[in-house]
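Participant: from the sequence below, what's the structure:
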Amino acid sequence: MLYLGVMAACVVITLPLELLIGARVYARPRRLLLTLLPILAVFVTWDVLAIHAHFWVYRHLSGAQLGNLPIEELVFFIVIPICSLLTFEAVRRLRPRWFAEEAR
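Facilitator: As a prediction, the model looks like this:
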């Protein structure tokens, strides 16, 4: 459960980027989904194949699985790209302000 707690903390820590800075990641769900789909397709496939081939073994997880994929891995592949995208969009939104302040 610690792993899922860390993922929840990542979401909570980056949420102000959406609410206060206006990164607008959650406000554009279609764009977010189109961003996540290729990431999920590649990395979920990669993990499922690696687990099936016994290259990777997961221990000390919640036990919840989607097929042979631990739910924590799926959550990771959703949460971390969203947090990264929130950070990127927040920096992109703030960047013009930084350049304007430097010009003064």
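Participant: the bottom helix or strand of the protein by mean pLDDT?
Facilitator: Of all the helices and strands that make up the chain, the one with the lowest confidence by mean pLDDT, DSSP states H and E is helix 71-103; it has a mean of 85.
Participant: tell me the helices and strands packed up against that one.
Facilitator: Identification of packing neighbours for helix 71-103 by 3 or more Cβ pairs under 8 Å, 6 or more residues apart in numbering; DSSP states H and E yields helix 2-19, helix 29-52. To be clear about C-beta, it is placed using only N, CA and C from the backbone, and glycine gets the same treatment.
Participant: including mean neighbour count, could the ones you listed go into CSV?
Facilitator: Compiled in CSV, the helices and strands packed on helix 71-103 are given as follows (neighbours: other Cβ atoms under 10 Å):
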stretch, mean neighbour count
helix 2-19, 14
helix 29-52, 13
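Participant: for these, which one sits closest to Y58?
Facilitator: Closest to Y58 of the helices and strands packed on helix 71-103, according to Cβ to Cβ: helix 29-52, at 7.5 Å.
Participant: CA-only coordinates of that closest one in PDB, if you can.
Facilitator: In PDB, the C-alpha atoms belonging to helix 29-52 read as follows (Å, rounded to 0.1, in the frame of the first residue of the first chain):
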ATOM      1  CA  PRO A  29      -9.500  15.300 -20.800                       C
ATOM      2  CA  ARG A  30      -9.500  14.300 -24.500                       C
ATOM      3  CA  ARG A  31      -6.000  15.700 -24.900                       C
ATOM      4  CA  LEU A  32      -4.900  14.000 -21.700                       C
ATOM      5  CA  LEU A  33      -6.300  10.700 -22.900                       C
ATOM      6  CA  LEU A  34      -4.600  11.000 -26.300                       C
ATOM      7  CA  THR A  35      -1.300  11.700 -24.500                       C
ATOM      8  CA  LEU A  36      -1.700   8.700 -22.200                       C
ATOM      9  CA  LEU A  37      -2.800   6.100 -24.700                       C
ATOM     10  CA  PRO A  38       0.600   5.600 -26.500                       C
ATOM     11  CA  ILE A  39       2.400   5.500 -23.100                       C
ATOM     12  CA  LEU A  40       0.000   2.900 -21.800                       C
ATOM     13  CA  ALA A  41       0.200   0.900 -25.000                       C
ATOM     14  CA  VAL A  42       3.900   0.700 -25.000                       C
ATOM     15  CA  PHE A  43       4.700   0.300 -21.300                       C
ATOM     16  CA  VAL A  44       1.800  -2.000 -20.300                       C
ATOM     17  CA  THR A  45       2.700  -4.300 -23.200                       C
ATOM     18  CA  TRP A  46       6.300  -4.200 -22.200                       C
ATOM     19  CA  ASP A  47       5.600  -5.000 -18.600                       C
ATOM     20  CA  VAL A  48       3.100  -7.800 -19.400                       C
ATOM     21  CA  LEU A  49       5.500  -9.500 -21.800                       C
ATOM     22  CA  ALA A  50       8.400  -9.100 -19.300                       C
ATOM     23  CA  ILE A  51       6.300 -10.600 -16.500                       C
ATOM     24  CA  HIS A  52       5.100 -13.400 -18.700                       C
END
